[in-house]
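>>> Coordinates for the following, if possible.
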Amino acid sequence: MFILRNEAPADVGAREALLDGAFGPARFLKASERIRKGRLPAEGLALVAEDAAGRLVATVRLWHVSAGGRAALLLGPLAVSPDLQGQGLGATMMRRAMAAAADAGHGAVILVGDPEYYTRFGFSAAPTARLSMPGPTERRRFLACELRPGALQGAAGRIVPTGARIGSVPALPAAAVAA
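Numbers count the residues shown, from 1 in each chain. Here you go, the predicted structure:
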């Protein structure tokens, strides 16, 4: 039995340990990490799973990006504790993340990952044909899923971060500033 919930600030240490175990230090060298670095995940789109003992066993996050001038989300990383891989928890996390993104009105999700895994969730390389990542990326692993048909139609250019920066303070409404 697992509990899927929104990530909380107290999850940072366990999440980082899980990601270190799943991907090792090379994870910081990936093109996707260049987009995530110094940014906050999209609000409500950072999910974790805990087991019955309260151990964090899976994580997935989505990030605001511009995909050739089109608003989109970048998914990743998705990680499941090695002792639980192959039991469907990653697929459950993906379905929950994609549903949450669609429910929040987002049009498309982009990722870099194994097509053999992600095509079952509606991802393909076709929508990213004219897009690029900020660093080396295998074309066959550069995938997208349109949550709204045509969300990435005609998109061309580099994927760039657009989400809030870590430590940024939301702007105050004009009325609050004038007071």
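
>>> Going by C-alpha atoms from here, please, whenever you check contacts or count neighbours.
OK.

>>> where in this protein is pLDDT low?
Across the chain, residues meeting the criterion (pLDDT under 70) sit at 29, 169-179.

>>> run the last query once more with 90
1, 20-34, 135-136, 167-179 (pLDDT under 90).

>>> so where do the strands sit in it?
Using DSSP state E, the strands of the chain run over 3-6, 46-50, 56-67, 70-75, 79-80, 108-112, 131-132, 142-146, 157-161.

>>> which residues of this structure fall in helices?
12-23, 31-36, 89-103, 115-118, 174-178 (DSSP state H).

>>> which of the ones you listed is buried the deepest?
helix 31-36 (a mean of 19; mean count of other Cα atoms under 10 Å).

>>> list the helices and strands it packs on?
Packed against helix 31-36 by the contact rule (3 or more Cα pairs under 8 Å, 6 or more residues apart in numbering; DSSP states H and E) you find strand 157-161.

>>> Which neighbouring elements make contact with the strand it packs on?
Counting by 3+ Cα pairs under 8 Å, 6+ apart, strand 157-161 packs on helix 31-36, strand 56-67, strand 131-132.

>>> Parallel or antiparallel, which strands does it pair with?
Within its sheet, strand 157-161 is paired with strand 56-67 (antiparallel), strand 131-132 (parallel), according to DSSP bridges.

>>> now those as TSV including mean neighbour count and distance to residue 75?
TSV is the format used below for the strands paired with strand 157-161 (neighbours: other Cα atoms under 10 Å; distance: least, Cα to Cα, whole Å):
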stretch	mean neighbour count	distance to residue 75
strand 56-67	25	4
strand 131-132	18	15
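
>>> any chance of these in a markdown table, plus distance to residue 6?
Converted to a markdown table, those look like this (distance: least, Cα to Cα, whole Å):
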| stretch | distance to residue 6 |
| --- | --- |
| strand 56-67 | 10 |
| strand 131-132 | 30 |
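
>>> between those strands, which gets nearest to residue 147?
strand 56-67 (13.8 Å; Cα to Cα).

>>> okay, the angle between the closest one and strand 46-50?
Relative orientation of strand 56-67 versus strand 46-50 (axes from the mean of the first three to the mean of the last three Cα atoms, to 10 degrees): 170 degrees.

>>> correct me, but residue 142 touches residue 126?
No - contact between residue 142 and residue 126 fails when scored by Cα atoms under 8 Å: they sit 9.2 Å apart.

>>> quick one: which of the two has more around it?
residue 142 (23 against 12; other Cα atoms under 10 Å).

>>> Please tell me how far residue 52 sits from residue 140.
Separation of residue 52 from residue 140 (Cα to Cα, to the nearest Å) stands at 37 Å.
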